[in-house]
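Student: return a 3D structure for these sequence lines:
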Amino acid sequence: PADIIASIDDKSSQHMPLYFLMGAGWANLAGWSQYSLRAISLFAGVLMLEWTYRLGADVMNRRTGVVASALFGSSAFMIIYLHEIRMYSLFVMLVVMHTWLYWRIAHDRPITRLTWVLFIATTATLFYTHIFSGVVFAGLGIYHLLFIRKSRKWLNAIIAWGLGAVIFLPYLPTVI
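Tutor: Coordinates of the predicted model:
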């Protein structure tokens, strides 16, 4: 891991390390062929479609979830990203998963400690996956401040985002 992070810092400092660390771990198990390395993006893309269905079904209904997954799965960009050795399908999967978790928290759905743990974990993993995660959090944060009723859960969501950001702090000097 230290060699991977040093290589990213030296050669490609605009990239975040999570995908490359996952890729190295997976390649040590499955081999270093392009097929095995592309499997990470494919797996993340399949999970992204499942989370898209779950988000659409929970927010609206099952039909909306099916249509959202079909539209997302037939998008030319997603089809390309499903077989590239890049972090984009992982990033989109984490965005959809985090949005689903946020929706459950913000709209008084039953939540457990696992929901909060996953919310903090997806916050941190989004920061470690792509630099544009800040845009995602800015959008969700503005929505949270303007449209969600101020309550204990409202404050807990802000604290959870902060905890996810604190987990990213050790890597911040490398980004800067």
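Student: in space, what's closest to Val96 - neighbours in sequence excluded?
Tutor: Leaving out its chain neighbours, the residue that sits closest to Val96 by C-beta to C-beta, 6 or more residues apart in numbering is Trp51, at 4.4 Å. (Each C-beta comes from the backbone N, C-alpha and C, glycine too.)
Student: wait, that neighbour touches Val95, no?
Tutor: No - the pair Trp51 / Val95 is not scored as a contact, 9.2 Å apart, by C-beta atoms under 8 Å.
Student: so which bits of stretch 130-148 are buried?
Tutor: His130, Ser133, Val136, Phe137, Leu140, His144 (16 or more other C-beta atoms under 10 Å).
Student: return the member of those residues nearest to Leu90.
Tutor: The shortest approach to Leu90 among the buried residues of stretch 130-148 belongs to His130, at 8.4 Å (C-beta to C-beta).
Student: I figured the closest one was touching Met16, is that so?
Tutor: Yes - His130 sits in contact with Met16 when judged by C-beta under 8 Å, with a separation of 5.8 Å.
Student: okay, and the common contacts of these two?
Tutor: Common contacts of His130 and Met16 (C-beta atoms under 8 Å, 6 or more residues apart in numbering): Met87.
Student: neighbours around Pro17, how many?
Tutor: Using other C-beta atoms under 10 Å, the number of residues around Pro17 comes to 19.
Student: one more: the one 4 residues further on?
Tutor: Look at Leu21: counted by other C-beta under 10 Å, it has 15 neighbours.
Student: that one: what's it in contact with?
Tutor: Pro1, Ile4.
Student: hmm, back to that, helices - which of the buried residues of stretch 130-148 land there?
Tutor: Ser133, Val136, Phe137, Leu140, His144 (DSSP state H).
Student: need those residues in CSV with pLDDT and distance to Ile111, can you?
Tutor: Shown next, in CSV, are those (pLDDT from 0 to 100; distance: C-beta to C-beta, whole Å):
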residue, pLDDT, distance to Ile111
Ser133, 95, 22
Val136, 97, 20
Phe137, 97, 19
Leu140, 97, 16
His144, 97, 15
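Student: and those as TSV, adding distance to Trp103?
Tutor: Listed next are these as TSV, based on distance: C-beta to C-beta, whole Å:
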residue	distance to Trp103
Ser133	17
Val136	14
Phe137	15
Leu140	10
His144	11
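Student: just how off-centre is the worst-scoring helix or strand of the chain on mean pLDDT within its chain?
Tutor: When the helices and strands of the chain are scored by mean pLDDT, DSSP states H and E, helix 172-175 comes last with a mean of 84. Relative to the mean C-alpha coordinate of its chain, helix 172-175 is positioned 19 Å out (C-alpha atoms, centre = their mean, to the nearest Å).
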